[in-house]
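the following block contains a protein sequence and its predicted model.
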Amino acid sequence: MATLRVASKPAVAPMKVAQISKPGGDFEIVEREIPEPGPGHVRIKVRACGVCHSDVLTKEGAWPGIEYPRIPGHEVAGVIDALGDGVFGWKKGQRVGVGWHGGQDNTCRECRRGDFGHCQNLKVAGISYDGGYQEYMLAPVEALAAIPDGLNDVEAAPLLCAGITTYNALRHSGALPGDLVAVQGIGGLGHLGVQFAQKFGYKVAAIGRGSENASLAKKLGATLYIDSQATDAAQELQKLGGAQVILATAPSSKAMSALIDGLSPNGKLMVIGASSDPIEVTPLQLILKTRTIQGWASGTAADSEDTLHFAELSGVRPMTETYPLERAGEAYARMLSGKAQFRVVLTM
Ligand SMILES: [Zn+2]
Ligand SMILES: [Zn+2]
């Protein structure tokens, strides 16, 4: 017996997204269909997404090959809402985050060596595909970090870029418990860097411009505060024996250059504040004290999980200002102003 087939369109619910439709364009709040996850992908119901300075790459079209319209956002916290084919080890209802490392090809030379962070075809959430400034987002499984219960979504989101960058750079810096570690810049990165450094057992010198951040830096765990406007910060570090590591978070190459003489023998300038002008250093500054200058990006999803677990365990938390998704443009402007204390987070 023939069955009657009723042609029915699947019910498509719309969702709200904040997109950029051309380089330099403004944020547009529009409705889109909720997307379905393909093989190896999950759909995340986004609950919070941090606004990072690197979102400027999406907003202004400064990343080679970026396609529009594009939804920025690589500090994503939410809940898995649907699984694509071939997804194992993750389940619906699980809390997950996505950071800067948005996926790898698993086939290039670096991936074959297990160095996924340097994949030649690295995908970045919010640049290579639509990121977290939306109610539902698709992500490949290799980009997922499980969020522990002790962190809420607004706390977790900034830890997926600002947090992992400072945590991962410090834990690979070679500094040992008790060492003098300086954190240059008390901002979105630096306020987390100071907390991680203190929890790692370092003697922490926070370096900022002006005196206004002194009490905050101490509250975050700094042993001492150095005002780089009022004093020569390199000399102040040398009075303490020199810093084993200086974590340079403020994107000022001039300020970084001025700190190199504050490093101890075998000391390291760890650069995470991204600016495009050159750091100035003489070979003698490096040679005579066997000093190193190193850069650090962020890390993989597994590094993100380490960051989240350490933060949960130790009490490291970002300071945040929240905005609803509909006010993404305002939130972005607030981030750009440099006046936010300290991470701007969108909530959905
Ligand atoms: Zn970022
Ligand atoms: Zn690769």
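Received it, and whenever you're ready, just let me know what you need. Ligands and ions are numbered 1, 2, ... in the order given.

got the buried residues for stretch 336-348?
Going by neighbour count (16 or more other C-beta atoms under 10 Å), the buried part of stretch 336-348 is 340, 342-348. Any C-beta I mention is one placed from the backbone N, CA and C, and that applies to glycine too.

out of those, which sit inside strands?
Residues of these located in strands (DSSP state E): 343-347.

report the closest residue of the stretch 201-348 of the chain relative to ligand 2.
Nearest residue of the stretch 201-348 of the chain to ligand 2: T300, at 11.5 Å (C-beta to the ion).

for that residue, what are phi and psi?
phi -90, psi 180 (degrees, to the nearest 10).

then L83?
Dihedral pair for L83: phi -110, psi 140, per degrees, to the nearest 10.

would you agree it is in contact with P39?
No - in this structure, L83 is not within contact of P39 by C-beta atoms under 8 Å, at 10.2 Å.

can you list the residues of the stretch 51-200 of the chain near ligand 1?
Proximity of the stretch 51-200 of the chain to ligand 1, by C-beta under 5 Å from the ion, involves residues 52, 54, 161.

which of the residues you listed sits closest to Q134?
Ranked by distance to Q134 (C-beta to C-beta), these are led by C52 at 15.7 Å.

please name the residues that touch the closest one.
Neighbour list for C52: 74-75, 161-162, 188, 335 [criterion: C-beta atoms under 8 Å, 6 or more residues apart in numbering].

where do the helices sit along the stretch 51-200 of the chain?
Here the stretch 51-200 of the chain has its helices, by DSSP state H, counting those that start in this stretch, at 56-60, 109-112, 153-158, 164-171, 190-199.

my error: substitute the stretch 201-348 of the chain in the last question.
Along the stretch 201-348 of the chain, the segments classed as helices by DSSP H, counting those that start in this stretch run 214-220, 233-239, 253-259, 283-287, 301-314, 328-337.

okay, buried residues for the fifth one please.
Judged by neighbour count (16+ other C-beta under 10 Å), helix 301-314 contains these buried residues: 301, 303-312.

I'd like the residues you listed laid out as CSV, including pLDDT.
Shown next, in CSV, are those (pLDDT from 0 to 100):
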residue, pLDDT
A301, 97
D303, 98
S304, 98
E305, 98
D306, 98
T307, 98
L308, 98
H309, 98
F310, 98
A311, 98
E312, 98
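
ok, and which of those reach ligand 1?
The subset of the buried residues of helix 301-314 within reach of ligand 1, by C-beta under 5 Å from the ion, is empty.

of all the contacts of C52, which comes closest to ligand 2?
Of those, the one sitting nearest to ligand 2 (C-beta to the ion) turns out to be H74, at 18.2 Å.

tell me how many other residues surround that closest one.
By other C-beta atoms under 10 Å, 28 other residues sit near H74.

how about E31?
Neighbour count for E31, taken as other C-beta under 10 Å: 10.

for it, what is the enclosing helix or strand?
Assigning secondary structure by DSSP states H and E places E31 in strand 28-33.

mind listing the strands that strand pairs with, and their directions?
Looking at strand 28-33 with DSSP bridges, its partner strands are strand 14-19 (antiparallel).

please save the CA atoms from the partner strand in PDB.
Taking Å, rounded to 0.1, in the frame of the first residue of the first chain, the C-alpha atoms of strand 14-19 are listed here in PDB:
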ATOM      1  CA  PRO A  14      16.100  32.100  12.800                       C
ATOM      2  CA  MET A  15      18.900  33.200  15.100                       C
ATOM      3  CA  LYS A  16      20.500  36.600  15.600                       C
ATOM      4  CA  VAL A  17      24.100  37.300  14.500                       C
ATOM      5  CA  ALA A  18      26.400  40.300  14.600                       C
ATOM      6  CA  GLN A  19      28.100  40.300  11.200                       C
END
